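Student: Structure for the following, please:
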Amino acid sequence: MAKAKRFVSEVYLEEPDIIVNIDSSKIAIPCKNIFSEKGVEKVLSNAVSQIERSFDFGIVAINIDGLLPAHAVLRVRTFSELEDKLHLENIKFLARNERYFLKFFSKNRIIAVIVSISIIAEIEEETPQFNNSNQWAIWTVPNLDLKYKKQINDFSMKLACRLYEENS
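Tutor: A predicted model of the protein is given here:
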């Protein structure tokens, strides 16, 4: 929630987990942790039912840190290599599980998935050498309704602008 509050002013805790107001829309964001890829289908089913109870649409936030080896430290040469590796992990997770996203999101009630990963990294050629790093990737439903496409674009732009400000 703290990360969301940094780029969208109206964010608050409410069932299912986080609610974001963008323009005139109230977007539900159930937040899920994945500890095994065997559980992805069940987690998504739960997220869909949480959204369908009270909201027109939502975005599922999935943290995949639990898929990493315990106490792992990622060793890389540069910040760029670190970003690429974390992004690739998110993209590979999305690709491996796209069939579930397509299955559960076919009604356009859930319009996107935000996948995040965090890890401690040792970066050989940078200072500071040890960093707690994270990366997000957003997957949207193919052929998304224009109304929802605008909402996810607004959400993504606010996130991108905020991340740019933090890194400038």
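Student: Would you agree Gln151 is in contact with Ile27?
Tutor: Yes - here Gln151 reaches Ile27: they are 6.8 Å apart, a contact under C-beta atoms under 8 Å. (Glycine included, C-beta is placed from N, CA and C.)
Student: longest helix anywhere in the chain?
Tutor: For the chain, the helix that runs over the most residues, judged by DSSP state H, is helix 79-104.
Student: downstream neighbour of that helix in the secondary structure list?
Tutor: Towards the C-terminus, the helix or strand next in line after helix 79-104, according to DSSP states H and E, is strand 110-123.
Student: And that following strand, how far out from the chain middle?
Tutor: What separates the centre of strand 110-123 from the centre of its chain is 6 Å, taken as C-alpha atoms, centre = their mean, to the nearest Å.
Student: what residue ranges in this structure score low on pLDDT?
Tutor: Low-confidence segments of the chain, defined by pLDDT under 70, span residues 1-9, 106-108, 159-168.
Student: Tell me, how many residues neighbour the closest residue to Ile120 other than its chain neighbours?
Tutor: Closest residue to Ile120 apart from its sequence neighbours, by C-beta to C-beta, 6 or more residues apart in numbering: Val73 at 5.1 Å. Residue neighbour count, defined by other C-beta atoms under 10 Å, stands at 10 for Val73.
Student: got a list of what the residue nearest the centre of the chain touches?
Tutor: The geometric centre of the chain, computed from its C-alpha atoms, lies nearest to Ile114 (C-alpha atoms, centre = their mean), at 2.1 Å. Ile114 is in contact with 29, 59-62, 136-138, counting by C-beta atoms under 8 Å, 6 or more residues apart in numbering.
Student: Please name the spatially closest residue to it (chain neighbours excluded).
Tutor: In space, and not counting its chain neighbours, Ile114 is closest to Ala61: 4.7 Å by C-beta to C-beta, 6+ apart.
Student: Thank you kindly, that will do.
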